[in-house]
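Chemist: after the sequence you'll find the predicted model.
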Amino acid sequence: MIHEQSLKEILADQRLQLQNKESGIPREVDYKYLVSTPFITVISGIRRSGKSTLLYQLTKYFKEFHYVNFDDERFFDFEVTDFKTLMLVLNQFSETKTIFIDEIQNIPSWERFVRRIYDEGYKIFITGSNSKLLSSELSTHLTGRYIKTELFPFSFTEYLTFHKINFRNSDSGVKAQLLKYFDKYLEEGGFPEYTAYSDTQQLQNIYEDIIYKDLIARFGIKNTKALKQLAHYYFTNFTNEVSYNSLKSVLGIKSINTIKDYTDFLSQAYLLFECYKFDYSLKKQLTYSKKVYVIDNGLRNKISFRFNTDIGKLLENLVYIQLRKEHRKVWHFKTTNNYEVDFVVEEESPVLYQVSYNIEDKKTLNREIRSLIIAADELKTKKLFLLTYNKFDTINSNDLQIRVIPVWFWLTEKIE
């Protein structure tokens, strides 16, 4: 329980901190829609991806608003009964019915409080760092009353905007500059604070905060060694196909259910994503092995082993994250004769993406083309992309056209 006077001091201090916050760069979200919708605006994403900054940017659309940040150790003793006192204190500052709440998942039974003030006519913005926790509670108590936006670390275009690079300029000098920044982004990722200060310790701190605060403490995990081993394995072997049974043997974890649960926890915290094999049968999708991708190349490189062959994996991981941001559901695919296509997304018809860092070798190029053509025939589609490091081309084969495009160009031009 927190006393009223303590709440006043905390909220006044938080408001002052918010006023002194840097405004940051515009993010790739629909600000006008988030502000104008009558529904609860939910912003979820990994720690330190810029959710609080986005929340601050959204406050600029309102003359008056309330602000509460529950990612504050002074709220450690906050209980569900304190929500009533919280609203009394906030209304002493202002009678506005617009409220911004940061990291709301830290407070048990928060969803009932949000439902109550929503019914009282409040316009509510909330952020949280746990996808499943938010989704399950929102679905249970707030069905049909919210819209959700996921925020990731900087995309490549946001990264360029931060560095004040005009990527729409077609000048040849700008193109050379784009490739230079792409090389850095490919290796270092896009966490905003790391982009600003290049302090690798920040990446380590983000990772440890997620492991210890968002997972071990929140879920009461006892076998912390197993969780950390599993996370490290995924980050080292990203883009690879995995099965829970094989992980059980490799890591020496006795229960397959432990593997499943810990993988789910890591996914909830946005550290990693499981990419299922494409199949029109959902049941079959769940039985196949998955490929694993991680939230950010820079974070991955900080906390896992590096190999000389990783550059192609970094490129593939980068493409997956961009597709995941744009489409939510992304699959990999294997043809009936075991040719692989890296990614499938569904629009009017499936769109196939193959990622290959270097296709100068004819054997590599022929393999990638063959995989796309066979998969296109099985999935009845003609939308085919071969994404490379820095190669442009158009390949016509079997009445199909394959567009060969550098990833940096694909990311900046939003080609579909």
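Modeler: That came in fine, so what should we check first? If you're wondering where the values come from, they're calculated on a predicted model, not measured in any experiment.

Chemist: now for whichever strand or helix holds residue 374, which elements pack on it?
Modeler: For residue 374, the host element (DSSP states H and E) is helix 362-379. Contacts defined by 3 or more Cβ pairs under 8 Å, 6 or more residues apart in numbering; DSSP states H and E place helix 362-379 against strand 340-346, strand 350-355, strand 383-388, strand 393-397, strand 400-406. Yep, even glycine has a C-beta here, placed from its N, CA and C like the rest.

Chemist: okay, the angle between that helix and strand 340-346?
Modeler: 40 degrees (axes from the mean of the first three to the mean of the last three Cα atoms, to 10 degrees).

Chemist: residue contacts, residue 137?
Modeler: Contact analysis of residue 137 by Cβ atoms under 8 Å, 6 or more residues apart in numbering lists 110-111.

Chemist: state the pLDDT value of it.
Modeler: Residue 137 is assigned 71 on the pLDDT scale.

Chemist: still on that earlier bit, reformat the helices and strands packed on helix 362-379 as TSV; add distance to residue 45, mean pLDDT and mean neighbour count.
Modeler: Below are those laid out as TSV (distance: least, Cβ to Cβ, whole Å; pLDDT from 0 to 100; neighbours: other Cβ atoms under 10 Å):
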stretch	distance to residue 45	mean pLDDT	mean neighbour count
strand 340-346	20	96	21
strand 350-355	23	97	22
strand 383-388	25	97	23
strand 393-397	36	94	12
strand 400-406	27	97	17
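
Chemist: quick check: which of these is nearest to residue 180?
Modeler: Within these, the stretch nearest residue 180 is strand 400-406; the backing value is 13.5 Å (Cβ to Cβ).

Chemist: which secondary element of this protein has the worst mean pLDDT?
Modeler: In the chain, no helix or strand scores lower on mean pLDDT, DSSP states H and E than helix 282-287, which sits at a mean of 68.

Chemist: that older thread, dump the helices and strands packed on helix 362-379 to CSV, plus distance to residue 60.
Modeler: What follows is the helices and strands packed on helix 362-379, written out as CSV (distance: least, Cβ to Cβ, whole Å):
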stretch, distance to residue 60
strand 340-346, 34
strand 350-355, 37
strand 383-388, 37
strand 393-397, 45
strand 400-406, 36
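
Chemist: out of those strands, flag the one nearest residue 298.
Modeler: Between the helices and strands packed on helix 362-379, strand 350-355 lies closest to residue 298; by Cβ to Cβ that is 18.8 Å.

Chemist: direction included, what does that closest one pair against?
Modeler: Strands that pair with strand 350-355, judged by DSSP bridges, come out as strand 340-346 (antiparallel), strand 383-388 (parallel).

Chemist: tabulate the ones you listed (TSV), appending distance to residue 371.
Modeler: Below are these laid out as TSV (distance: least, Cβ to Cβ, whole Å):
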stretch	distance to residue 371
strand 340-346	5
strand 383-388	10
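
Chemist: closest one to residue 305 among those strands?
Modeler: Nearest to residue 305, of all the strands paired with strand 350-355, is strand 340-346, at 22.4 Å by Cβ to Cβ.

Chemist: pull the distance from the closest one to the chain's centre.
Modeler: Taking Cα atoms, centre = their mean, to the nearest Å, one finds the center of strand 340-346 at 19 Å from the center of the full chain.

Chemist: pull the CA atoms of that strand into CSV?
Modeler: Below are the C-alpha coordinates for strand 340-346, written out as CSV (Å, rounded to 0.1, in the frame of the first residue of the first chain):
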residue,chain,number,x,y,z
GLU,A,340,13.7,-24.3,-48.8
VAL,A,341,12.3,-20.8,-49.1
ASP,A,342,13.2,-18.5,-46.2
PHE,A,343,9.9,-16.6,-45.8
VAL,A,344,6.3,-16.7,-46.9
VAL,A,345,3.8,-13.9,-46.1
GLU,A,346,0.2,-13.9,-47.3
